[in-house]
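**Q** Fold the following, please.
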Amino acid sequence: MKLPPTVAAQPSRSRGRHHPETDTDPRGPRDLFQRDRDRIIHSVAFRRLRHKTQVFVAPDGDHYRVRLTHSLEVAQIGRTLARALGLNEDLTEALCLAHDLGHPPFGHAGEDALGAALADAGGFDHNGHTVRIVTRLENPYPGFDGLNLSWEALEGLAKHNGPVSDPRWALAEADGQWALELGGWPSLEAQVAAIADDIAYDNHDIDDGLRSGLLVLEELIELPIVARIWAAIGTRYPGLSTEKRQRALVRDMIGTMVGDVLAETERRVRDSGVETIDDVRSAGRSLAGFSEALAGEERALKRFLYARLYNLAELTPIRREAQRVVADLAAAYRADPTLLPPDWRHSGDEQTQARTIGDFVAGMTDRFAIARHEELLGPVNLPAGRF
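**A** Alright, predicted model coming up:
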């Protein structure tokens with residue numbers, strides 16, 4: 001099932017790094033993309049993901065996914081796909097691990113609140129902020145700002161979900177510094193990272209939803225893809241407990257989706273006639289993805305999860321309180337920038353200061369945001385149990 005090696009990203013053919021680096025420092029036996037991955041793992045932003053919401057606002061919920069565990073699961077699936085297809089595993093893993101670095105506290109609820117708070121300064125989007133983090137905000141190196149990732153890593157982070165025709169300010173700023181060809185498709189490694197993200201969150205949200213009691217198993221197994229796999233598990237393991245059968249369901253769902261992506265990606269690459277990585281970028285469509293049949297079933301699964309989990313009325317008060325925390329903090333810092341740590345205060349124009357405040361708030365973990373709100377503005381009413 002391996003693809004022609006010429007369609008894979010090769011570190012020896014990379015467009016390099018924006019800031020040239022010498023090899024006078026100890027580097028160890030690592031190529032360019034391995035070093036990209038390692039820079040991401042060792043970044044402060046990556047460590048913060050352990051206390052950032054995935055779906056459930058869970059400052060004390062030990063068994064639910066957070067951004068960090070989600071990113072690790074995406075990387076595991078992405079690397080499996082890359083290895084089977086003969087793509088560059090290290091670049092794929094780097095993109096999977098970094099794809100959510102830009103999320104603010106409290107997941108998409110926090111992103112909506114921060115975007116509204118910064119509307120007059122260009123707004124906020126987590127994907128552009130991911131690129132901003134790795135190009136500007138992380139500063140572990142003496143000679144430049146950012147992590148100085150390879151062009152291929154930046155390209156993949158910028159457009160792993162496809163071409164970007166109208167980039168927001170943060171992504172446009174990074175593109176202006178080093179053109180990322182935003183109008184074209186990214187490498188197959190980036191496309192694999194994107195589909196690995198879909199597979200991971202579809203299935204771990206099922207797992208977390210069932211664990212929390214918010215998803216009803218009897219409703220879930222009415223979906224065709226779930227019903228088919230659930231029945232097959234029952235045939236293989238008659239008498240298996242419901243709990244173990246649910247765990248097997250998630251594993252088999254992931255395996256089914258991975259197998260489908262491998263077969264469909266190989267078919268698309270073969271039928272499109274692409275022979276090089278440049279052909280991949282100019283193919284005019286995604287070459288990695290689900291088959292038409294499974295894509296329809298996966299869309300039905302997403303609709304179910306939105307109706308029965310993400311938009312559940314029971315979670316609405318929690319989401320609103322999380323948004324209030326983020327909005328209050330952004331407003332307080334904008335009204336009085338002296339509340340910020342000294343390094344985050346700027347004497348420049350109001351837009352620059354507002355965007356810096358956005359950087360500061362977006363970098364907060366859930367629990368840090370709660371603590372700052374309670375210190376500066378008053379109590380926060382977020383549950384410390386199931387969610």
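
**Q** Which residues are in contact with the spatially most central residue of the chain?
**A** Taking Cα atoms, centre = their mean as the criterion, Asp100 is the residue nearest the geometric centre of the chain, at 3.1 Å. Neighbour list for Asp100: Leu49, Arg67, His70, Ser71, His126, Thr130 [criterion: Cβ atoms under 8 Å, 6 or more residues apart in numbering]. Using the backbone N, CA and C atoms, a C-beta is placed for each residue, glycine as well.

**Q** In JSON lines, list those residues along with pLDDT and distance to Glu173.
**A** Below are the contacts of Asp100 laid out as JSON lines (pLDDT from 0 to 100; distance: Cβ to Cβ, whole Å):
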{"residue": "Leu49", "pLDDT": "95", "distance to Glu173": "23"}
{"residue": "Arg67", "pLDDT": "92", "distance to Glu173": "24"}
{"residue": "His70", "pLDDT": "94", "distance to Glu173": "27"}
{"residue": "Ser71", "pLDDT": "97", "distance to Glu173": "24"}
{"residue": "His126", "pLDDT": "96", "distance to Glu173": "15"}
{"residue": "Thr130", "pLDDT": "98", "distance to Glu173": "13"}
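
**Q** Of those residues, which is the nearest to Gly28?
**A** Distances from Gly28 to the contacts of Asp100, taken as Cβ to Cβ, are shortest for Ser71 (23.4 Å).

**Q** ok now the helix or strand the closest one falls within, how far from the chain's centre?
**A** For Ser71, the host element (DSSP states H and E) is helix 67-85. A distance of 11 Å separates the centroid of the chain from that of helix 67-85, by Cα atoms, centre = their mean, to the nearest Å.

**Q** Extract the C-alpha trace of that helix and format it as CSV.
**A** Extracted in CSV, the C-alpha atoms of helix 67-85 (Å, rounded to 0.1, in the frame of the first residue of the first chain):
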residue,chain,number,x,y,z
ARG,A,67,-5.5,18.9,24.2
LEU,A,68,-2.3,17.1,25.1
THR,A,69,-3.7,13.6,25.1
HIS,A,70,-5.7,14.4,22.0
SER,A,71,-2.6,15.5,20.2
LEU,A,72,-0.7,12.3,21.3
GLU,A,73,-3.6,10.2,19.9
VAL,A,74,-3.6,12.1,16.7
ALA,A,75,0.2,11.6,16.4
GLN,A,76,-0.2,7.9,16.9
ILE,A,77,-2.8,7.6,14.2
GLY,A,78,-0.9,9.9,11.9
ARG,A,79,2.3,8.0,12.2
THR,A,80,0.6,4.7,11.6
LEU,A,81,-0.9,6.1,8.4
ALA,A,82,2.4,7.7,7.3
ARG,A,83,4.3,4.5,7.8
ALA,A,84,1.8,2.4,5.9
LEU,A,85,1.8,4.9,3.0
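
**Q** name the helices or strands packed onto the helix or strand where Ala371 lies?
**A** In the assignment (DSSP H and E), Ala371 maps to helix 366-376. In this structure, helix 366-376 packs against helix 316-335, with contacts taken as 3 or more Cβ pairs under 8 Å, 6 or more residues apart in numbering; DSSP states H and E.

**Q** List the buried residues in the helix it packs on.
**A** Applying a neighbour-count criterion of 16 or more other Cβ atoms under 10 Å, one finds 318-319, 321-330, 332-334 buried in helix 316-335.

**Q** list the contacts for the residue nearest to Leu114 when sequence neighbours are not counted?
**A** Leaving aside its chain neighbours, Leu114 sits nearest to Phe124 (4.6 Å; criterion: Cβ to Cβ, 6 or more residues apart in numbering). With contact set as Cβ under 8 Å, 6+ apart, Phe124 has these partners: Pro104, Glu111, Leu114, Gly115, Ala117, Leu118, Ala170, Gly358, Ala362.

**Q** make it 10 Å
**A** Counting by Cβ atoms under 10 Å, 6 or more residues apart in numbering, Phe124 touches 102, 104, 110-118, 168-170, 330, 355, 358-359, 361-362.
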